[in-house]
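Peer 1: sequence first, then the predicted structure:
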Amino acid sequence: MQSSATMSENTNVVGKGRGRWAVPVTLGMILASAGGCADNVDEPVETGEVSSPLPKCGPDSTAPICNPGDPVCKPRCSGKVCGAADGCGGVCKTGSCPVPNETCGGGGVPAQCGHASADLRPWQTGFRNQGGRDTCTVFATTAAVEAAYKHRYGLDLDLSEQFLHHFQKSLWLDSSAQLPTPDIQPENNGGGNITWQMAALTRYGLPLESTLPYIGDGAWQNLDAWTAPMGSLVRTNQRALDDFMLSASATTYFTPGAITTTVLPQAALAGARYRPTSIKQASGSDFTNLAWYKNELKAGREIAFQVNLTRPDPTNDGIWDPGPNAWGSHAMLMVGFDDLTQIFYVKNQWGGTDFDKFSYSWVTGGNITDAATILDVANPYTAFGPNENKHLVLGRWNLDYDGWRGTLDIYRLPGDGSPSAPDRRVGTYFGPDGVARRVSAEITGNRIDFYIDMNNPNQPANVLQGIHFTTYVYAQEPTTMAGILVGSDGNTWNVTAQKNAWLSGVPRYPAVLSRAAYYGRWELDTDGVKGTLRIDANASSGIINGSYTTAGGNVFGVTGQVTADPRIFSLSVYDGATTTAYTGYLNGHALGIMSGTAVRYGANIGFHAVRLGDP
């Protein structure tokens, strides 16, 4: 699997976007292992379908097709329904179809009871263009997802191939890589296969194209030619790779030509809801079995497939046939078949505006190397906030735990933690001590439990060990999460993380860790809902009294307690709708900040507060 997803190809095609592209003039590719896809092959030239004269039929002819009205044409009515064309310009006066609901053709069609076919072209979304990049399997898989949503929900979607390609490269993991060597691939690498893309979609969904547009410029793949702001360093240094892969703002990259893009916008993460929930993978024996493809298509399921192309096409009849010379691996979407002409209809992504006709001989000749269909997709109308959307934890976070500040880069989602494949690696942490450390995690709803081993920076990808952080992504503010950590000494401390900036509060003067440090006005942010908290803390008893003012101006009473350990407190706040119970921790090194967990309507959530000043 690893080698199939690892490729680096060059191309001399340049351009950008999803419009029509010039065709590459050289193959310009490096093939990976069998099943891999290096697909910037130059487009085969077809001159269009050429009509051939139908064969003449004599009285004893067994030719399958006859010219209507041929005076010596032998009518063929065996197995046909009464009234069906007899193949010679007349109609059959007797007979019935052996297969229920099957219909028979007219003149110029095979002289048997109809012919098998399936046509899913009306369910396809618009034609795309992969441009000069080696992203064929991403396009074929995305097209299959789009078609499945059109079948199931009637939606005509344009989903982001750029997003799938980005995260199929993050899904690939070199678990043996020792820091600072990266453990994932940059999105600039080309290649992949259908099985790999489907595997990626078991963890990741797809957002709309508008949130992360595709970059078709072939120069995007050639990192070694980049001049700024980065280049080949991203292949060898984890921090440099993260700087690129997690960039959430528009940046101009000189490749050397200027390409301006946001590599990982928050809007794409928030909208990545479109994905398969069930797929069907072809087995090795299915690859050459025409019946498998026909049955899937007759069931209304398009087939994302990968094929070893050969050339030149020995015919000039508008049907794409295998040739004698190896060409390269490519992936497309199969959307129909027709036994009459012995072809599959395929949707390609080379900038064309019509479906290609693909000969059966590609299947029977053993050229297909991978194929899969989608059985069902996720409901696009259900809730999709932090409780449902794991993608929201992805990105670069400013992590603060009790005043220790570092950069938490989460660039991949963990696996299911099963004993057979406990992939728990999610990213890398860059601490204030200048040491990079791998991060493992489990994600459940809006809760992420992540682990950083201070004693083993290269902790294995299949373990959860070290300091245990528990944070909750805010429902109303998904670029913030807060919670607690349990240190190696067993003590609990506060944790906050933001994608955009560091929290900053005004500690009470003098800045001494004590019960009196709580006194003052605080901006309280509970799961993204903000209000003003006024606290009067009794320095001797630790009893808290105060008030909470909502954003709408309503004022409610607050009670609570600071424990003998002045870092730890509890609050009870009624906001007019329900009572929220808070358990929090004062930041021991930044006394103007506190955070922890809360329970609201029976659900655990995160909160934090920053001190604004005296009452």
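Peer 2: Nice, I can see it.
Peer 1: are we agreed that T407 is in a helix?
Peer 2: No - counting by DSSP: H, G, I helix; E, B strand; the rest coil, T407 is not part of a helix but strand.
Peer 1: which residues does it bridge with?
Peer 2: N398, F430 (DSSP bridges).
Peer 1: who touches it in this structure?
Peer 2: Counting by CB atoms under 8 Å, 6 or more residues apart in numbering, T407 touches 396-399, 429-430. Glycine gets a C-beta too; all of them are placed from N, C-alpha and C.
Peer 1: and P386, by the same measure?
Peer 2: P386 neighbours (CB under 8 Å, 6+ apart): 392, 445-446, 472-475, 478.
Peer 1: could you do D527 as well?
Peer 2: With CB under 8 Å, 6+ apart, D527 has these contacts: 472, 474-477, 598, 600, 605-607.
Peer 1: 6 Å instead?
Peer 2: 474-475, 605 (CB atoms under 6 Å, 6 or more residues apart in numbering).
Peer 1: CSV for those, including distance to T315, pLDDT and neighbour count?
Peer 2: Shown next, in CSV, are the contacts of D527 (distance: CB to CB, whole Å; pLDDT from 0 to 100; neighbours: other CB atoms under 10 Å):
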residue, distance to T315, pLDDT, neighbour count
Y474, 61, 98, 25
A475, 60, 97, 18
I605, 65, 98, 24
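Peer 1: would you turn the contacts of T407 into CSV with distance to P414, neighbour count and pLDDT?
Peer 2: Output for these, formatted as CSV (distance: CB to CB, whole Å; neighbours: other CB atoms under 10 Å; pLDDT from 0 to 100):
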residue, distance to P414, neighbour count, pLDDT
R396, 18, 22, 98
W397, 16, 24, 98
N398, 22, 16, 98
L399, 18, 25, 98
Y429, 15, 25, 98
F430, 20, 19, 98
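Peer 1: ranking the contacts of P386 by neighbours, who comes first?
Peer 2: V473 (28 neighbours; other CB atoms under 10 Å).
Peer 1: doesn't N446 make contact with that one?
Peer 2: Yes - V473 lies in contact with N446 (CB atoms under 6 Å); the separation is 4.7 Å.
Peer 1: look through the protein and tell me its longest helix.
Peer 2: helix 136-153 (DSSP state H).
Peer 1: show the subsequent helix or strand relative to it.
Peer 2: helix 161-171 (DSSP states H and E).
Peer 1: give the buried residues for that next one.
Peer 2: 161-171 (16 or more other CB atoms under 10 Å).
Peer 1: just to revisit the earlier point, so of the contacts of P386, which ones are in strands?
Peer 2: 472-473 (DSSP state E).
Peer 1: buried ones in the lengthiest strand in the chain?
Peer 2: Taking DSSP E as the criterion, the chain has its longest strand at strand 325-338. For strand 325-338, burial by neighbour count (16+ other CB under 10 Å) applies to 327-338.
Peer 1: export these as JSON lines, with columns for distance to A144 and pLDDT.
Peer 2: Converted to JSON lines, the buried residues of strand 325-338 look like this (distance: CB to CB, whole Å; pLDDT from 0 to 100):
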{"residue": "W327", "distance to A144": "23", "pLDDT": "95"}
{"residue": "G328", "distance to A144": "21", "pLDDT": "95"}
{"residue": "S329", "distance to A144": "18", "pLDDT": "96"}
{"residue": "H330", "distance to A144": "15", "pLDDT": "97"}
{"residue": "A331", "distance to A144": "10", "pLDDT": "98"}
{"residue": "M332", "distance to A144": "10", "pLDDT": "98"}
{"residue": "L333", "distance to A144": "6", "pLDDT": "98"}
{"residue": "M334", "distance to A144": "9", "pLDDT": "98"}
{"residue": "V335", "distance to A144": "10", "pLDDT": "98"}
{"residue": "G336", "distance to A144": "14", "pLDDT": "97"}
{"residue": "F337", "distance to A144": "16", "pLDDT": "96"}
{"residue": "D338", "distance to A144": "20", "pLDDT": "94"}
